[in-house]
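Visitor: Everything below, folded, please.
(one chain, ligands or ions: 1)
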Amino acid sequence: MKQYHIWTIGCQMNKADSDQVANYLRRAGFRQAETAEEADLVLLNSCVVREHAEVKVVNRLNSLKVLKKSRPDITIALTGCMVDSRIDDLKRRFPWVDLFFRPQQWEVLSGWGESRGLPGMDQGEDSVPHNPPVSAYVPIMHGCDSFCSYCVVPYRRGKARSRDLDEIRCQVQNLVQRGAKEVVLLGQIVDAYGHDLPSKPDLADLLTAVNGIEGLLRIRFLTSHPNYMSHKLIRAVADLSKVCEHISLPIQAGDNGVLEAMKRGYTTEEYGELVEHIRRIVPNVALSTDVIVGFPGETAEQFASTMDVLRQTRFDKVHIAAYSPRPETSATKNLRDDISFEEKETRRAQVEAMQNIIAAEINAGFLGRTVEVLVEDQKRGKWYGRTRGDKLVFFVGRAGMIGQLASVRIEKTSAFALQGTLE
Ligand code: SF4
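Guide: As a prediction, this is how the structure comes out:
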């Protein structure tokens, strides 16, 4: 039996794409290999959102050069955001790679399979694994029209394209029939879902449709953009029983000058009003955000404003990135990357230290309370899963709890997780 090995880096969208490739390959008779050395097909699913990620991909590609030399029969494939329209450049740089395809360019992979006598890819069948995880990713749209000045995504993943609502509902239904209990609906700007479809459904309509699926316990969605977060969507989070009270709402910076240079399209005041509105309608909401420190020209005062906004807003989680210039983006073309690596790291560490204190304080509020946990798996003798607010919980339970909702009394908390016992 032929074997495949997939290496994935980057966002949940890449993870979902890799899962789809794995489903296809399994249907075509392959089985998973632990290492690239054992495989007949090695696929790298790349990310170039930060320079650090791109360096990792290049190192990985270089290590495969040796493997290809010793086993010329192996197929090496590259997909993800590193693959753009200039495939000839990539072929020159990495001549030992046999197959390049852009994200979602499934016809290329399908053609590769068919040329070897394998079945072609089937979008419906291959989007649903036979044994899905408890929490399954479901991309509901691809690409982005926003062109934030630092971001390479629109150049690599193209314009926003929403999937048909009924097609998504069917996919979720199939996932649930095969064992999934939670779905995470994915989009680069997930709250812009449907704007490009003829009947213009929106994310609230999709959540309502998916909420009605029997057997599904929870629904999440990632990642929102403040400019698209409508009142209707916030109401849907409050009213639909399966939609978790958890919103990922990147702010990126807490200073209006930096936000303008980032081309984010909102001010800190507008963002603050939106957060207030969300918290008014969904009082127990958990909010997470993304922040970039060291954007070109970010002064010490501007960074201090970001710290102030984070301190005042008190997010449950903050994903922090140090700015790294990416080819093609307008920030790289027009702005000088003038904050030193050391200064970026200092700012990143400052945000991290402050957020650890805030998260520890928020989580301490769960001490002695009973929370509902959707159990995902076991680690070091303990079950783990998440609350509706996306808090990671470890607990001692009984056998066979995967996929169940457990009531857990919290006895210990930290900035990163909660611990307790089954009630
Ligand atoms: S909204 Fe901005 S940061 Fe997010 S994917 Fe689109 S361009 Fe990139």
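Visitor: Figure out the helix or strand that residue 170 lives in.
Guide: Residue 170 is part of helix 165-177, with elements assigned from DSSP states H and E.
Visitor: Any residues of the stretch 151-300 of the chain in contact with the ligand? List them.
Guide: With CB under 6 Å from any ligand atom as the criterion, the stretch 151-300 of the chain meets the ligand at residues 151, 153, 154, 188, 189, 225. C-beta here means a position set from N, CA and C on the backbone, and glycine is covered the same way.
Visitor: Could I get the contacting residues of the fifth one?
Guide: The neighbourhood of residue 189, defined by CB atoms under 8 Å, 6 or more residues apart in numbering, consists of 144, 146, 160, 223, 224, 225, 228.
Visitor: for the last one, same thing?
Guide: Each residue near residue 225 by CB under 8 Å, 6+ apart is listed here: 146, 189, 191, 192, 249, 250.
Visitor: let's go with 6 Å and repeat that
Guide: Applying CB atoms under 6 Å, 6 or more residues apart in numbering to residue 225 gives the contacts residue 189.
Visitor: what about residue 44, helix or strand, and which?
Guide: Residue-wise, residue 44 maps onto strand 41-46 under DSSP H and E.
Visitor: Let's have the contacts of residue 189 in JSON lines, adding secondary structure and distance to residue 311.
Guide: Shown next, in JSON lines, are the contacts of residue 189 (DSSP: H, G, I helix; E, B strand; the rest coil; distance: CB to CB, whole Å):
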{"residue": "144", "secondary structure": "coil", "distance to residue 311": "30"}
{"residue": "146", "secondary structure": "coil", "distance to residue 311": "27"}
{"residue": "160", "secondary structure": "coil", "distance to residue 311": "34"}
{"residue": "223", "secondary structure": "coil", "distance to residue 311": "23"}
{"residue": "224", "secondary structure": "coil", "distance to residue 311": "22"}
{"residue": "225", "secondary structure": "coil", "distance to residue 311": "23"}
{"residue": "228", "secondary structure": "helix", "distance to residue 311": "26"}
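Visitor: what does the worst-scoring helix or strand of the chain on mean pLDDT contact?
Guide: Sorted by mean pLDDT, DSSP states H and E, the helices and strands of the chain end with helix 123-126, the least confident at a mean of 86. Applying CB under 6 Å, 6+ apart, the external contacts of helix 123-126 come out as 20, 23, 24.
Visitor: repeat that with 8 Å
Guide: Residues outside helix 123-126 that contact it (CB under 8 Å, 6+ apart) are 20, 23, 24, 27, 106, 167, 170, 171.
Visitor: Setting the sequence-adjacent residues aside, check what's closest to the second one.
Guide: Take residue 23 and drop its neighbours on the chain: the residue closest to it by CB to CB, 6 or more residues apart in numbering is residue 126, 4.5 Å away.
Visitor: What's the local residue count around the one you found?
Guide: Residue neighbour count, defined by other CB atoms under 10 Å, stands at 23 for residue 126.
Visitor: Break down this structure into its helices, ranges please.
Guide: Assigned helices in the chain, in chain order: 12-27, 51-70, 87-93, 106-114, 123-126, 153-157, 165-177, 203-211, 231-239, 256-261, 268-281, 300-313, 330-334, 341-364 (criterion: DSSP state H).
Visitor: Would you mind saying which of the ones you listed lies nearest residue 401?
Guide: Residue 401 lies closest, by CB to CB, to one member of those: helix 165-177, at 18.5 Å.
Visitor: Helix 203-211 and the closest one, what's the angle between them?
Guide: Helix 165-177 and helix 203-211 are oriented at 40 degrees to each other (axes from the mean of the first three to the mean of the last three CA atoms, to 10 degrees).
Visitor: Name the residues that touch helix 165-177?
Guide: 124, 127-128, 132, 136, 138, 140, 180, 183, 185, 194, 197, 201, 205-206, 209-210, 213-216.
Visitor: who are the neighbours in contact with residue 236?
Guide: 203, 204, 207, 208, 243.
Visitor: And residue 127, what's its pLDDT?
Guide: Each residue has a pLDDT score; the one for residue 127 is 88.
Visitor: That one: neighbour count?
Guide: Neighbours of residue 127 (other CB under 10 Å): 23.
Visitor: Go through the helix holding residue 170 and flag the buried ones.
Guide: Going by neighbour count (16 or more other CB atoms under 10 Å), the buried part of helix 165-177 is 165, 168, 171, 172, 173, 174, 175, 176.
Visitor: what residues does stretch 40-59 touch?
Guide: So stretch 40-59 is contacted by 2-11, 14, 17-18, 21, 25, 30, 36, 60-61, 64, 67, 73-83, 151-153, 156, 321, 324-326 (CB under 8 Å, 6+ apart).
Visitor: Would you mind listing which of those are buried?
Guide: 3-6, 8-11, 14, 17-18, 21, 25, 30, 36, 60-61, 64, 67, 74-83, 151-153, 156, 321, 324-326.
Visitor: Look up the pLDDT of the residue of the chain most remote from its centre for me, please.
Guide: The C-alpha centroid of the chain is most remote from residue 70, which lies 35.6 Å away (CA atoms, centre = their mean). Per-residue confidence at residue 70 stands at 95 (pLDDT).
Visitor: now residue 397
Guide: For residue 397, the model assigns a pLDDT of 89.
Visitor: Now it. Its backbone dihedrals?
Guide: phi -140, psi -160 (degrees, to the nearest 10).
Visitor: can you count the residues close to residue 155?
Guide: 17.
Visitor: Please report how far it lies from residue 326.
Guide: To residue 326, residue 155 is 9 Å away according to CB to CB, to the nearest Å.
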